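Undergrad: After the sequence you'll find the predicted model.
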Amino acid sequence: MPLNLPNLLTWLRILLIPLFVGIFYFEKSWVSIANQNLVATIIFTVAAITDWLDGWLARRLNQMSAFGAFLDPVADKLMVAAALIILVQLERVDAIIALIIIGREVAVSALREWMAQIGEAKSIAVSFLGKIKTTSQMLAIPLLLYHDRLGAFDPQRVGTWLIYLAALLTLVSMAYYLKVALPQVWKQL
């Protein structure tokens with residue numbers, strides 16, 4: 001495992017997950033709900049920024065590695081899954097939305113792994129639609145975590161619309177990936 005700055009940022013993102021989840025288990029007399037929301041929003045936002053930053057640094061510093069390429073999406077999926085589970089528990093996201101998003105991530109990851117094993121990894125590379133889905137998701141989750149109104153701005157309402165958009169794009173992008181992979185599936189049968 002190459003120990004470089006991009007990989008350290010990815011590891012930081014993974015290490016932030018227990019802190020992110022744990023903030024919601026602090027005794028309410030220690031940390032108010034508003035402060036829990038704020039701290040969780042900050043942690044998730046830092047994780048989202050490190051997700052962008054580690055990829056940018058890996059390309060910029062020419063420190064791309066097979067291990068980093070493996071670990072980065074794992075860290076992303078773990079953080080998003082943790083956030084969605086917390087949001088379901090807090091009744092800020094419907095369980096079906098979380099299942100759609102998490103289920104797609106598992107299915108597409110398995111599909112990518114299988115395609116790589118048969119030498120077709122490039123045919124199922126990340127699509128532009130997948131990037132839009134991720135952007136919508138990464139904007140929705142902090143808004144849903146923050147939850148409290150900011151004057152006339154209602155983060156819960158905007159976050160809810162964005163997470164519904166992310167779920168829709170999740171289904172569309174999964175259909176796209178399946179369409180691309182289907183010829184290979186038929187060849188293997």
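TA: Yep, it's here. Numbers count the residues shown, from 1 in each chain.

Undergrad: list the buried ones in the helix or strand containing Ala47?
TA: Applying DSSP states H and E as the criterion places Ala47 in helix 33-60. Applying a neighbour-count criterion of 16 or more other C-beta atoms under 10 Å, the buried positions in helix 33-60 are 36-41, 43-44, 47-48, 50-51, 53-55, 57-58. C-betas here are computed from N, CA, C, even on glycine.

Undergrad: Tell me, what's the model's pLDDT at Val126?
TA: The score at Val126 is 68. That number is its pLDDT.

Undergrad: packing partners for the helix holding Ala47?
TA: If contacts are counted by 3 or more C-beta pairs under 8 Å, 6 or more residues apart in numbering; DSSP states H and E, helix 33-60 sits against helix 5-22, helix 66-89, helix 128-146.

Undergrad: Compute the number of surrounding residues for Arg92.
TA: By other C-beta atoms under 10 Å, 20 other residues sit near Arg92.

Undergrad: How about the contacts made by the spatially most central residue of the chain?
TA: Nearest to the mean C-alpha position of the chain, counting by C-alpha atoms, centre = their mean, stands Val80 at 3.7 Å. Taking C-beta atoms under 8 Å, 6 or more residues apart in numbering, we find Val80 in contact with 101-102, 105, 137, 141.

Undergrad: By neighbours, which of these wins?
TA: Comparing the contacts of Val80 on neighbour count, Ile141 comes out first with 29 neighbours (neighbours: other C-beta under 10 Å).
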